[in-house]
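Student: following is a predicted model, sequence given first.
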Amino acid sequence: METPTPVTPDEYETIRNLPALAPPSGVVPNFENPPNGNTVGISVIIVCSTITIGVSLIRIYTRLFCTKARLEDYLGVLSLPFFISGSLMMAIKTARYPGFFVHEWNLRVKDMDEFIFDYSRITILFSICLMLNKAATLLEWTHLFVPASRNRFFWICHIMMWVNVCLYSSTILVMSWACKPRERIWHRYIPGTCINIDAFNISLSAFHLSFDLLMIIIPNRIIWKLSLTVRQKIGVSMVFSVGIITCLCAGGRLVSSIMMKQSPDTTYAYSRYLIWNIAETTTTKLIFSVTAVPLVFRYPIVLGKLPGFLKLRLPSRLALEDQAQTGVVDTSIHRVPPHQPLNYECPCKEEEVRLSAVETARTRYDHETTLSPGHFYGGILRTTEIAITTTEDGSGRRFGREAKGQQSWLDC
């Protein structure tokens with residue numbers, strides 16, 4: 001990009017007080033109270049923030065009380081502060097001044113500097129959030145759809161995950177160091193050089209759209225090969241097809257990035273880009289957390305009994321973790337006996353069962369042969385009868401205990 005000629009301090013102040021863009025013929029710039037689209041912008045921020053924080057809390061809730069947390073859950077929690085920071089910056093800084101969808105000719109150059117500075121920081125925060133959300137989603141799929149041995153799907157997910165990390169890392173670096181000196185990113189009139197940021201945004205948005213399309217195709221291909229009924233396959237496929245919304249947002253982001261390159265009205269085009277950015281970030285969080293939503297409705301815990309639940313569960317869990325690290329087993333630690341059930345205990349948590357020693361049973365060979373110590377000819381030691389009961393509602397849906405290893409959300 002062409003380097004501007006050096007300016008004196010007096011010329012510098014004069015430039016900063018000029019209109020950021022020449023107004024169209026017959027239009028008078030309004031620097032004090034420019035018309036804006038804050039109603040649309042704030043509404044989008046509120047809706048996206050509510051959905052993102054809501055599904056994140058649901059995911060955290062189910063991992064605390066219903067199932068074991070894994071690495072992807074920690075990545076999902078780690079992404080939440082970046083989303084909240086970006087949303088607050090959009091709501092407080094950008095919406096306050098200059099506002100969303102403000103035409104550039106209604107801003108002074110110094111106001112434009114602040115807008116671009118905030119835009120860069122918001123884009124970086126959402127890029128970190130998107131990187132963590134997509135990595136967490138792909139990592140979870142390797143646990144949901146991959147059997148004991150690593151198959152082709154496992155390696156595809158890991159390749160996509162690391163490509164995703166590299167993609168967003170490059171985005172963060174470019175948004176932070178696109179110009180030399182760095183201040184020229186938001187002070188466009190000082191001497192220096194910059195890369196073509198508009199072309200970078202277009203190529204980046206196109207890659208995002210392709211990546212999101214792959215994240216719809218890959219899991220659905222596996223789902224339709226599962227040993228489920230057609231109804232269950234359709235239900236699970238619909239859960240993972242939430243990614244269609246992400247593709248729509250990525251498509252809107254691509255269109256807005258093309259318009260950013262074609263339109264000289266930068267602030268108006270950047271506002272559209274930011275709106276699609278926060279929408280895409282919200283949908284990636286929704287994809288990651290949607291599998292936890294059915295657990296809340298299937299295994300609710302009464303919030304009024306939550307303190308008692310924590311009082312009974314937390315000391316036992318901490319003691320068991322300590323035993324696992326030290327190797328010393330404390331036999332005094334036990335669960336509540338079966339004749340004292342907890343109404344508020346989440347039934348989707350796997351119950352711990354202590355095994356007792358089983359004495360060697362007598363077989364039909366015992367009256368014929370005297371067995372030497374440690375010698376065993378074979379035979380049945382113990383038989384166990386298991387009764388499985390199911391109930392059926394009016395829709396023909398059956399309910400029963402889940403098989404070990406089956407994901408709760410697969411019962412659609």
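Tutor: That came through fine.
Student: how about Phe82, what does it touch?
Tutor: 125-126, 128-129, 132 (C-beta atoms under 8 Å, 6 or more residues apart in numbering). (C-beta placed from N, C-alpha, C; glycine too.)
Student: kindly recompute the last result at 6 Å.
Tutor: 125, 128-129 (C-beta atoms under 6 Å, 6 or more residues apart in numbering).
Student: can you give me the buried ones in whatever helix or strand it lives in?
Tutor: Using DSSP states H and E, Phe82 falls within helix 71-89. Under the neighbour-count criterion of 16 or more other C-beta atoms under 10 Å, helix 71-89 has 72-73, 75-77, 79-80, 82-87, 89 buried.
Student: helix or strand: which one has the closest residue to Val55 other than its chain neighbours?
Tutor: Of all residues not flanking Val55 in the chain, Ser289 sits nearest, at 3.8 Å (C-beta to C-beta, 6 or more residues apart in numbering). Taking DSSP H and E as the criterion, Ser289 maps to helix 266-289.
Student: can you show me the helices along this protein?
Tutor: Remark: helices assigned in the chain by DSSP state H are 9-16, 38-65, 71-89, 109-145, 152-176, 197-223, 230-240, 243-262, 266-289, 293-298, 306-326.
Student: now the weakest link among the ones you listed, please, by mean pLDDT.
Tutor: Lowest mean pLDDT within the helices of the chain: helix 306-326, a mean of 55.
Student: circling back to that earlier point, highest neighbour count among the contacts of Phe82?
Tutor: With neighbours defined as other C-beta atoms under 10 Å, the most crowded of those is Cys129; it has 29 neighbours.
Student: measure that one to Ile190 for me?
Tutor: The gap separating Cys129 from Ile190 is 31 Å, by C-beta to C-beta, to the nearest Å.
Student: what do you get for Asn133?
Tutor: From Asn133 over to Ile190 (counting by C-beta to C-beta), the distance is 36 Å.
Student: higher neighbour count, those two?
Tutor: Per other C-beta under 10 Å, whichever of Asn133 and Ile190 has more neighbours is Asn133, with 31 against 16.
Student: flag every buried residue along stretch 100-110.
Tutor: Buried-residue list, stretch 100-110, by 16+ other C-beta under 10 Å: 100-109.
Student: same deal with stretch 153-173?
Tutor: 153-154, 157, 160-161, 164, 167-168, 171.
Student: including distance to Pro219, could these go into CSV?
Tutor: Output for those, formatted as CSV (distance: C-beta to C-beta, whole Å):
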residue, distance to Pro219
Phe153, 9
Phe154, 13
Cys157, 9
Met160, 11
Met161, 14
Asn164, 15
Leu167, 20
Tyr168, 21
Thr171, 25
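Student: and the closest residue to Pro181 other than its chain neighbours, how close does it get to Thr137?
Tutor: Once flanking residues are discounted, Pro181 sits nearest to Gly192: 5.2 Å by C-beta to C-beta, 6+ apart. Look at Gly192 and Thr137: by C-beta to C-beta, they are 39 Å apart.
Student: when the two are compared, which one has more neighbours?
Tutor: Thr137 (26 against 17).
Student: just give the number of residues close to the closest residue to that one other than its chain neighbours.
Tutor: Of all residues not flanking Thr137 in the chain, Phe288 sits nearest, at 4.7 Å (C-beta to C-beta, 6+ apart). Around Phe288 there are 27 other residues, counting by other C-beta under 10 Å.
Student: pop out the phi and psi values for Lys68.
Tutor: Note on Lys68: backbone dihedrals following degrees, to the nearest 10 are phi -80, psi 140.
Student: from Met161, how far out is it?
Tutor: 21 Å.
Student: His208 contacts Cys249, correct?
Tutor: No: under the criterion of C-beta atoms under 6 Å, His208 is not in contact with Cys249, lying 9.3 Å apart.
Student: from what I see, Ala292 and Arg63 are in contact.
Tutor: No: using C-beta under 6 Å, Ala292 is not in contact with Arg63; the gap is 7.6 Å.
Student: of the two, which one has the most company?
Tutor: Remark: of Ala292 and Arg63, Ala292 carries more neighbours, 22 against 18, as counted by other C-beta under 10 Å.
Student: if I pick that one, what's in contact with it?
Tutor: By C-beta under 6 Å, 6+ apart, the neighbours of Ala292 are 58-59, 62.
Student: try it again with 10 Å
Tutor: 55-56, 58-63, 66-67, 73, 76, 408-409 (C-beta atoms under 10 Å, 6 or more residues apart in numbering).
Student: next: Ile116.
Tutor: 20, 185-188, 266-267, 270.
Student: cool, and Ile159?
Tutor: By C-beta under 10 Å, 6+ apart, the contact list for Ile159 reads Leu138.
Student: can you check Ala199 too?
Tutor: 257, 261.
Student: would you confirm that the residue nearest to Pro181 contacts Lys180?
Tutor: Yes: counting by C-beta atoms under 10 Å, Lys180 is a contact partner of Gly192 at 5.5 Å.
Student: what's Ser43 in contact with, if anything?
Tutor: Gly37.
Student: how close does it get to Phe200?
Tutor: Distance from Ser43 to Phe200, by C-beta to C-beta: 29 Å.
Student: same question for Thr284.
Tutor: In terms of C-beta to C-beta, Thr284 sits 21 Å off from Phe200.
Student: more crowded one of these two?
Tutor: Each of Thr284 and Phe200 has its neighbours counted (other C-beta under 10 Å); Thr284 has more, 29 against 16.
Student: not counting sequence-adjacent ones, nearest residue to the more buried one?
Tutor: Asn133 (4.0 Å).
Student: if I pick the closest residue in space to Met112 that isn't next to it in sequence, what's in contact with it?
Tutor: Leaving aside its chain neighbours, Met112 sits nearest to Ala20 (4.0 Å; criterion: C-beta to C-beta, 6+ apart). Contact analysis of Ala20 by C-beta under 10 Å, 6+ apart lists 29, 31, 98, 103-113, 115-116, 188, 265-267.
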